[in-house]
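In: coords below, sequence missing:
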């Protein structure tokens with residue numbers, strides 16, 4: 001009984017945590033989503049058929065895209081418990097190894113999805129906080145000049161506290177969002193009770209009526225309706241933190257009812273008072289509750305922004321370990337939770353982009369034109385990769401795989417087409433960000449491959465080299481030398497330079513290659529591969545998942561059970577510091593080679609990335625032409 005009670009308590013805790021982290025983004029969509037349907041050059045008028053049609057579109061979109069696609073289907077496509085674009089890419093590409101071209105296309109899709117996520121990560125904090133602060137204008141127009149400065153001040157505080165970690169703040173996120181969903185649902189119920197006819201909008205014929213009336217122009221309406229779905233990707237991306245069941249429980253028990261009641265409440269308000277269309281969310285509240293609602297909305301949007309920022313850090317770490325971004329300084333902000341990290345460079349670059357977005361667009365309505373294209377693109381990519389998981393990883397027949405994903409793909413493409421119309425009016429901003437990140441990620445990956453190819457061509461086979469060295473063996477120094485090398489079986493440049501300049505070889509020599517795999521976690525039982533190559537020399541391969549920390553010294557301690565005893569105080573780590581020299585000829589375009597050389601030069605030190613003790617590292621330089 002106690003064990004069952006403990007399990008239930010843990011489950012409720014995870015469900016509450018999912019409320020705070022997973023649903024912050026989609027949970028604050030009512031601040032601006034319904035409002036935008038009735039604003040802009042092709043907006044609907046707040047007449048009864050239009051209000052009911054808009055509500056019907058929102059209702060069925062939430063039901064189909066979020067409930068059926070993400071909560072029911074996509075959450076099943078976990079990569080050993082992990083979700084998100086990078087994890088799905090790894091799962092899909094791993095299941096299509098027999099088709100190299102398909103696998104390569106899936107990898108490109110995955111990189112593109114990650115790049116689009118960065119673009120979304122800029123718009124979400126900007127539009128969420130700005131739309132909350134704009135509630136002050138409903139109270140009095142006198143606050144209008146202070147909306148943007150106050151928004152920037154809140155965002156500065158949010159990004160400044162990132163270095164302290166989200167652990168202390170996180171415990172409050174769930175309860176705050178619990179209050180948020182309760183409040184917006186209650187405000188919606190009050191309005192629905194005054195205009196119960198609004199519930200007719202659950203009839204899909206009202207949605208079809210909008211499509212029939214507007215014709216081709218219905219795509220503009222869909223572009224605004226989609227704002228109610230932004231944040232749905234977080235359900236899948238944050239699955240590794242909370243698990244599938246708590247996310248599903250939170251959605252069906254509280255989040256979906258709260259959101260739909262709020263949207264229907266806004267619709268009921270517009271049926272009674274069409275003039276409230278300027279800001280239907282804050283007009284839900286009576287005057288005496290307006291300021292508390294603005295305050296609660298600001299807190300909720302900060303939480304929504306925090307989830308996006310933390311997700312950006314996680315995606316960055318995964319991309320680094322899979323070889324799609326250069327090494328960056330990653331700070332662990334918790335001694336208990338490995339997933340709580342802080343990436344300083346990413347934090348402040350994102351903040352700069354968010355400041356530009358707020359200052360350039362100036363209002364949530366203007367930002368809404370930039371919002372959506374990145375998210376819809378990511379949703380299309382998720383659906384495509386899910387098809388390959390269903391077909392090749394789960395081994396379902398073609399017709400089942402197509403049936404499971406084809407309908408969702410049609411819906412995703414419809415929303416993508418609608419948001420594509422926003423490109424010139426604002427969508428270019430997120431696409432430009434995504435294009436820049438995609439170029440950086442692809443350039444880094446191709447540059448690293450070119451480097452490895454060049455080094456492989458110039459490298460000497462390790463066994464043959466050691467055989468030649470021991471014909472006339474050098475002096476053996478006391479202790480252990482660890483030579484880090486990117487390729488198994490080749491002679492590290494650091495070893496060549498060490499013998500050339502010092503003419504010495506240690507008593508024990510480990511040639512270590514650290515590999516990152518397309519799985520989130522690699523257990524300690526599979527962490528180390530060891531092969532003796534004679535004369536107290538060993539070839540070591542260390543295996544890490546993209547969620548594992550690359551701690552080489554800790555991994556090498558596992559060798560004690562394999563007959564290789566390493567004394568940390570007498571172990572030296574030898575690294576090769578390569579200087580990239582761009583050359584004319586084969587390879588990448590000259591500007592991309594220069595970009596890669598710059599990124600390689602400014603990447604974080606390999607010693608820090610591999611968690612090597614700084615006082616025991618020896619770096620020896622070499623030049624590599626690409």
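Out: It's in. In this text the structure is predicted, and so the values were computed from the model without any measurement. Residues are numbered from 1 along each chain as shown.
In: quick one: low-confidence ranges for the protein?
Out: 1-11, 166-171, 241, 334-339, 585 (pLDDT under 70).
In: longest strand anywhere in it?
Out: strand 504-517 (DSSP state E).
In: how about the closest residue to residue 510 other than its chain neighbours, secondary structure?
Out: With sequence-adjacent residues excluded and distances taken as C-beta to C-beta, 6 or more residues apart in numbering, residue 510 is closest to residue 482, at 4.8 Å. The C-beta positions use only the backbone N, C-alpha and C, and glycine is treated the same way. At residue 482, secondary structure determined by DSSP: H, G, I helix; E, B strand; the rest coil is strand.
In: what's the burial count for residue 482?
Out: Here the number of neighbours of residue 482 (other C-beta atoms under 10 Å) works out to 26.
In: verify the stated contact: it with residue 568.
Out: No: assessed by C-beta atoms under 8 Å, residue 482 is found out of contact with residue 568, at 10.9 Å.
In: residue contacts, residue 135?
Out: 279, 281, 282, 290, 293, 294, 297 (C-beta atoms under 8 Å, 6 or more residues apart in numbering).
In: and if we set it to 6 Å?
Out: Remark: with contacts taken as C-beta atoms under 6 Å, 6 or more residues apart in numbering, residue 135 is in contact with 282, 294, 297.
In: can you pull the contacts of residue 109?
Out: For residue 109, counting by C-beta under 6 Å, 6+ apart, the contacting residues are residue 381.
In: that one and residue 115, how far apart?
Out: Residue 109 is 11 Å from residue 115, where distance means C-beta to C-beta, to the nearest Å.
In: does the residue lying farthest from the centre of the chain count as helix, strand or coil?
Out: Farthest-out residue of the chain from its mean C-alpha position, per C-alpha atoms, centre = their mean: residue 472, at 54.0 Å. Using three-state DSSP, the structure places residue 472 in coil.
In: separation between it and residue 365?
Out: Distance, residue 472 to residue 365, using C-beta to C-beta: 78 Å.
In: ditto for residue 96
Out: In terms of C-beta to C-beta, residue 96 sits 43 Å off from residue 365.
In: ditto for residue 344
Out: From residue 344 over to residue 365 (counting by C-beta to C-beta), the distance is 33 Å.
In: looking at those two, which is more packed in?
Out: Each of residue 344 and residue 365 has its neighbours counted (other C-beta under 10 Å); residue 365 has more, 17 against 13.
In: contacts only, for the more buried one.
Out: With contact taken as C-beta under 6 Å, 6+ apart, residue 365 is in contact with residue 39.
In: tell me how far the helix or strand it falls within is from the chain's mean position?
Out: Using DSSP states H and E, residue 365 falls within helix 364-368. Here the centre of helix 364-368 is set off from its chain's centre by 23 Å, with C-alpha atoms, centre = their mean, to the nearest Å.
In: all helices of the stretch 101-250 of the chain, in order?
Out: 135-139, 147-160, 167-194, 204-214, 218-225, 233-237, 239-242, 244-250 (DSSP state H, counting those that start in this stretch).
In: I'd like those helices laid out as a markdown table, including distance to residue 46.
Out: Putting the helices of the stretch 101-250 of the chain into a markdown table (distance: least, C-beta to C-beta, whole Å) gives the following:
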| stretch | distance to residue 46 |
| --- | --- |
| helix 135-139 | 17 |
| helix 147-160 | 24 |
| helix 167-194 | 14 |
| helix 204-214 | 13 |
| helix 218-225 | 13 |
| helix 233-237 | 31 |
| helix 239-242 | 39 |
| helix 244-250 | 32 |
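In: identify each buried residue in stretch 172-192, please.
Out: Buried residues in stretch 172-192, counted by 16 or more other C-beta atoms under 10 Å: 173-174, 176-178, 180-181, 183-185, 187-188, 190-192.
In: and which of these is nearest residue 531?
Out: residue 173 (47.8 Å; C-beta to C-beta).
In: just give the closest residue to the closest one, not the sequence neighbours.
Out: Per C-beta to C-beta, 6+ apart, closest to residue 173 is residue 20, 2.7 Å.
In: quick check: the one you found touching residue 175?
Out: No: applying C-beta atoms under 6 Å as the test, residue 20 and residue 175 come out as separate, 7.7 Å apart.
In: count the neighbours of the residue lying closest to residue 107 once chain neighbours are set aside for me.
Out: In space, and not counting its chain neighbours, residue 107 is closest to residue 93: 5.4 Å by C-beta to C-beta, 6+ apart. By other C-beta under 10 Å, 20 other residues sit near residue 93.
In: looking at this, residue 93 is in a helix?
Out: Yes: under three-state DSSP, residue 93 falls within a helix.
In: got a list of what residue 438 touches?
Out: Contacts of residue 438 (C-beta under 6 Å, 6+ apart): 112, 115.
In: rerun at 7 Å
Out: Contacts for residue 438 (C-beta atoms under 7 Å, 6 or more residues apart in numbering) come out as 111, 112, 115.
In: so it is in which element?
Out: helix 428-458.
In: next structured bit after that helix?
Out: Tracing the chain past helix 428-458, the next element assigned as helix or strand by DSSP H and E is helix 462-469.
In: in that next one, which residues are buried?
Out: Quick answer for helix 462-469 (16+ other C-beta under 10 Å): 462, 465, 466, 469.
In: ditto for stretch 571-583
Out: Counting neighbours by 16+ other C-beta under 10 Å, the buried set in stretch 571-583 is 571, 572, 573, 574, 575, 576, 578, 580, 582.
In: from those residues, which land in strands?
Out: Reading strands off these with DSSP E, I get 571, 572, 573, 574, 575, 576, 578, 580.
In: please enumerate the strands of the stretch 301-450 of the chain.
Out: Remark: strands assigned in the stretch 301-450 of the chain by DSSP state E, counting those that start in this stretch are 331-332, 341-342.
In: redo these as TSV? Include mean neighbour count and distance to residue 15.
Out: Compiled in TSV, the strands of the stretch 301-450 of the chain are given as follows (neighbours: other C-beta atoms under 10 Å; distance: least, C-beta to C-beta, whole Å):
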stretch	mean neighbour count	distance to residue 15
strand 331-332	14	26
strand 341-342	20	24
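In: returning to that earlier point: okay, and the residue nearest to residue 173 sits in which element?
Out: Applying DSSP H and E, one finds residue 20 within helix 2-21.
In: repeat that for residue 534.
Out: Per DSSP H and E, there is no helix or strand for residue 534.
In: now swap in residue 479 and tell me
Out: Assigned by DSSP H and E, residue 479 belongs to strand 475-484.
In: so for the helix or strand that comes right after that strand, what gets flagged as buried?
Out: Next along the chain after strand 475-484, taking DSSP H and E as the criterion, comes helix 493-502. For helix 493-502, a neighbour-count test (16+ other C-beta under 10 Å) marks 493, 494, 495, 496, 497, 498 as buried.
In: leaving out chain neighbours, which residue sits closest to the second one?
Out: The reference is to residue 494. Nearest residue to residue 494, sequence neighbours excluded (C-beta to C-beta, 6+ apart): residue 574, at 4.1 Å.
In: next one: the one you found from residue 466, what distance?
Out: 15 Å.
In: dump the residue contacts of the closest residue to residue 369 other than its chain neighbours.
Out: Nearest residue to residue 369, sequence neighbours excluded (C-beta to C-beta, 6+ apart): residue 426, at 3.2 Å. Contact analysis of residue 426 by C-beta under 7 Å, 6+ apart lists 361, 366, 369, 370.
In: swap in 8 Å and give it another go.
Out: 361, 366, 367, 368, 369, 370, 371.
In: and the spatially closest residue to the fourth one that is not a sequence neighbour, how many neighbours?
Out: In space, and not counting its chain neighbours, residue 368 is closest to residue 36: 4.9 Å by C-beta to C-beta, 6+ apart. Number of residues near residue 36 (other C-beta under 10 Å) recorded here: 23.
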